[in-house]
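> sequence first, predicted coordinates after that:
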Amino acid sequence: MPHLEDRIKDLARRAGSDIVGITAVERLADAPPSGDAAYLLPSARSVVAFAVALDPLITEAYLGKREWIRHCRERKEVVQRLYRIGDEVAEFLESEGFEAVNVDINNNYRPEEGAADVTEMTEFHPEFSLRYAGVAAGLGRLGWSGNLMTPDHGALVELGSVITSAPLESDPLLEESPCDRCKMCSLVCPVGMIDSKASVELRIAGRIETIARKRSNTCCWIGCTGYEGLHASGRWSNWSPYRLGAPLPEDDEELNGLCIALQKADPQMQIEDNSFDDFRRAVFDPDWFYMTVCGYCRGVCSPRRSERIANRRSIASSGQAALAADGRHVAASEDSVEFETPFGVSALIAEGPEDGADRLSESAGRSPMDAEVLRLYHSGRLDRIDSGSKD
Ligand code: B12
Ligand code: SF4
Ligand code: SF4
């Protein structure tokens, strides 16, 4: 009879995991508080950590603004797969008489003092950190960006974990970090979240992980949700068509206030049961569209340095994104025009003829913000700001 550890790993691989490893909870004892597995399962003894890789070709096309929707759809499929892997591993452990919790794949934050809901959060501490678990289980190391970087897939992985009461043997830690400090992650962040020089140190599994000093998490929230997509150079953006029209505040308190104000104005946040209430339900809803406009610090981070440099060049020459009349995000052209919106941001809208290709089929596909902006645009209620070329 193979060892329990081998049976778990076999099961995870057969369910679609590209990398799987195990750590005893003791290894996470020196990690920051979100490494505490007992927060979700008081009887926790071990964590099974697993990762599913993204297709590098789909990511390259996304970064170069050649194709947007495939990456969004792939991320949804990957998250569904991670939930299923976790369910199978947890059910197996329970059938062996242990307790097990399949950790939510995202949007699982600890309550924050003074924050009524996610719109008022600024820290976003997770119930349990899947990155810390990945380091402790030997899947990879924290890269300069703070993302988990693996030897074979770089940071192009999404993570899952099952916390269990089963006492399991830990896998070896990854000795050498795959991150060579190329700093491409810092260069491709449109909102300047990742410092290129200053660092902070975290301790995990007896090791020091040195990562970039980052701005408040609200900085990424603003860039990754897409309230601001434009890089300070003004030459390229992520896949967001929205612009703040002014640099982000230097002061983190002001930045946090801006993020809260933007979230309060965002039509998505007015919906009662959005993906922040129940990420799992959203991910398995066939009509839910995984709106992705950034993640560039992770997408750029291929395993090989030459690929990372090429990815960065491709981003820097990809131009800006615009919102097409049918809800797609497209590479902006000379037909794209900037309009004021009532949501604290302006929107770059592609006014050219629709090409009909690659239409959004998901009925709830557009983000509520895109849908509202287009509704106002089509009814002639948006003021034009600028008619300059945006390509
Ligand atoms: C919260 C969160 C965010 C927040 C905050 C990020 C953060 N650093 O915490 C925001 C919205 C900014 C974010 C952005 C992104 N995220 Co995110 N996110 C998460 C989530 C839920 C937890 C992240 C985490 O582990 N934070 C803790 C650590 C890593 O953060 P830290 O800054 O180093 O923590 C410091 C302090 O806060 C303190 N601390 C840590 N924990 C606690 C707890 C308490 C109570 C206290 C007081 C202090 C404290 O100690 C640290 C040292 O000072 C995970 C899912 C999960 N449950 O793990 C996904 C996850 C990390 N995200 C992911 C991704 C891909 C992204 C993005 C690339 C966007 C995207 N989705 O495409 C960007 C990357 C930004 C970046 N460079 O870090 C992936 C990462 C994959 C990978 N290869 O690493 C994850 C694992 C989701 C998944 N299932 O795959 N994310
Ligand atoms: S892009 Fe370069 S510096 Fe950033 S995490 Fe990846 S390898 Fe490290
Ligand atoms: S996800 Fe985008 S906005 Fe957030 S840190 Fe990475 S590059 Fe910057």
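That came through fine. Ligands and ions are numbered 1, 2, ... in the order given.

> which residues touch whichever residue of the stretch 201-350 of the chain sits closest to ligand 3?
Taking CB to the nearest ligand atom, ligand 3 has its nearest neighbour within the stretch 201-350 of the chain at residue 223, 2.8 Å off. Every residue, glycine included, has its C-beta placed from N, CA and C. By CB atoms under 8 Å, 6 or more residues apart in numbering, the contact set of residue 223 is 189, 190, 191, 193, 229, 238, 240, 294.

> looking at those, state which has the most neighbours.
Highest neighbour count within the contacts of residue 223, by other CB atoms under 10 Å: residue 238, with 30 neighbours.

> surely that residue and residue 226 touch.
Yes. With contact defined as CB atoms under 8 Å, residue 238 reaches residue 226; the gap is 7.3 Å.

> show the subsequent helix or strand relative to the longest strand along the chain.
If you go by DSSP state E, the chain has its longest strand at strand 194-204. Using DSSP states H and E, the helix or strand that follows strand 194-204 towards the C-terminus is strand 207-214.

> which residues touch that following strand?
135, 141-146, 173, 185-186, 193-196, 198-203, 220.

> which of those residues come close to ligand 2?
143, 144, 145, 185 (CB under 6 Å from any ligand atom).

> out of those, who's the most crowded?
residue 185 (28 neighbours).

> in a helix, that one, correct?
Yes. Assessed by DSSP: H, G, I helix; E, B strand; the rest coil, residue 185 belongs to a helix.

> going forward, the N-terminal residue is numbered 4.
Let's use 4 as the start, then, which means that last one is residue 188.

> ok, residue 5 - contacts?
Residue 5 neighbours (CB under 8 Å, 6+ apart): residue 13.

> just the pLDDT at the residue nearest the centre of the chain, thanks.
Central residue check for the chain by CA atoms, centre = their mean: the C-alpha nearest the mean position is that of residue 298, 5.4 Å away. We have a pLDDT of 98 for residue 298.

> can I assume it is in contact with residue 223?
No. If you go by CB under 8 Å, residue 298 and residue 223 don't touch, sitting 9.7 Å apart.

> do you know how far the residue of the chain found nearest ligand 1 is from residue 127?
Of all residues in the chain, residue 298 sits closest to ligand 1, at 2.5 Å by CB to the nearest ligand atom. Per CB to CB, to the nearest Å, residue 298 is found 15 Å from residue 127.

> element containing residue 372, please.
Residue 372 belongs to helix 371-381, assigned by DSSP H and E.

> which residues sit against that helix?
Contact with helix 371-381 is made by 245, 269-271, 273-274, 326, 328, 330, 342, 344-346, 350, 352, 369, 385, as judged by CB under 8 Å, 6+ apart.

> just these: which are in strands?
Per DSSP E, the contacts of helix 371-381 map to strands at 245, 326, 342, 350, 352.

> wait, what's in contact with the fourth one?
If a contact means CB under 8 Å, 6+ apart, then residue 350 has 244, 245, 246, 326, 341, 342, 344, 376, 380, 385 as its contacts.

> out of these, which touch ligand 1?
Applying CB under 6 Å from any ligand atom to the contacts of residue 350, none is adjacent to ligand 1.

> ok, and the most crowded of these?
Comparing those on neighbour count, residue 244 comes out first with 31 neighbours (neighbours: other CB under 10 Å).

> wait, that one sits on residue 325?
Yes. Counting by CB under 8 Å, residue 244 touches residue 325, with 5.0 Å between them.
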